[in-house]
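J.: Based on what follows, work out the 3D shape:
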Amino acid sequence: MYYNQTMASKSAIKRQLILKGARQLFCERGFCDVTMKDIVDACGISRGGLYLYFNNTGDIFLEVLRLESQDSDEVYGSAVSDGASTAKIIGFFLKEQKKEILQMTDSLTVATYEYFFKHKIPRDMNPIRHTYDAAVLVLTGLIRRGIENGEFYECDPKAAARNIMFVIEGMKVAARTMDIDQKMVDQQLMYIVDTLMVQD
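T.: Model (predicted):
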């Protein structure tokens, strides 16, 4: 029994090592320029050891994205459950998004677009769609709550949530293709807040 637990623990540690090393490579090079050999070299494991856990770079990348999506869900969930005002929670959400938009060196954005331009993933298995849907669900609930308590203008909460997520996704791309700066991001995020919040 102890032997099996030790083996399972070693297996989990090795898998985590692979995903961490692969994530770093995907952040640095994108998806298309990373090979299984690159991951073997980065992680210091054998080729056979890598193939024991994953069949190809696509499998590894999807698992990296799944874990990122899981982390996002936890951030949103903790923000909603701490009892803060609706405006404060939306502010926290937008602050987290801003970090991701401006994060140039530790971001999977380029790799993600490369992967999804190259592969057709069913909607129910798409971790990007999952992250988007989870964010829209949280934002919809927050906007509805803000309308009910008089903090936000009357609007269609789900349409507003989708609009916010599309704007944020567009800024992620723009940050890497048009060199937008923090001031521009702040202006757009403030515009989102201003369109929601009832002015005193």
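J.: wait, doesn't V198 sit right on Y153?
T.: Yes: the criterion here is CB atoms under 8 Å, and V198 meets it with Y153 at 5.9 Å. Glycine gets a C-beta too; all of them are placed from N, C-alpha and C.
J.: Could you tell me how many residues sit around the spatially closest residue to R144 that is not a sequence neighbour?
T.: The shortest distance from R144 to any non-neighbouring residue, by CB to CB, 6 or more residues apart in numbering, is to P157 (4.3 Å). For P157, the count of nearby residues is 21 (other CB atoms under 10 Å).
J.: how about low-confidence regions in the chain?
T.: The model of the chain has pLDDT under 70 over residues 1-8, 71-83, 200.
J.: those helices in it, which residues are they?
T.: Under the criterion DSSP state H, the chain carries helices at the ranges 2-29, 36-43, 47-51, 57-81, 86-102, 109-118, 127-148, 157-177, 182-196.
J.: returning to what we had before: the residue nearest to R144 touches E148, doesn't it?
T.: No: look at P157 against E148 with CB under 8 Å: they stay out of range, at 9.9 Å.
J.: any residues in contact with both of those two?
T.: Common contacts of P157 and E148 (CB atoms under 8 Å, 6 or more residues apart in numbering): none found.
J.: how many other residues sit next to Q199?
T.: Q199: 5 surrounding residues under other CB under 10 Å.
J.: so who does it touch?
T.: Applying CB under 8 Å, 6+ apart, no residues contact Q199.
J.: Relative to G30, how far out is it?
T.: As judged by CB to CB, to the nearest Å, Q199 and G30 stand 43 Å apart.
J.: burial of V110, as a residue count?
T.: Counted by other CB under 10 Å, the residues lying close to V110 total 20.
J.: Sorry, slip of the keys, the one I care about is T177.
T.: If you count neighbours by other CB under 10 Å, T177 ends up with 9.
J.: Now for M104, how many residues are close by?
T.: Using other CB under 10 Å, M104 has 11 other residues around it.
J.: close enough to count as contact, it and D179?
T.: No: between M104 and D179 there is no contact under CB under 8 Å: 10.2 Å.
J.: Contacts only, for the residue nearest to G49 when sequence neighbours are not counted.
T.: Nearest residue to G49, sequence neighbours excluded (CB to CB, 6+ apart): K14, at 7.1 Å. Residues in contact with K14 (CB under 8 Å, 6+ apart) are 45, 49, 53.
J.: go on, L108?
T.: Per CB under 8 Å, 6+ apart, neighbours of L108: 23, 26-27, 64-65, 68.
J.: for D186, same thing?
T.: By CB under 8 Å, 6+ apart, the residues touching D186 are K98.
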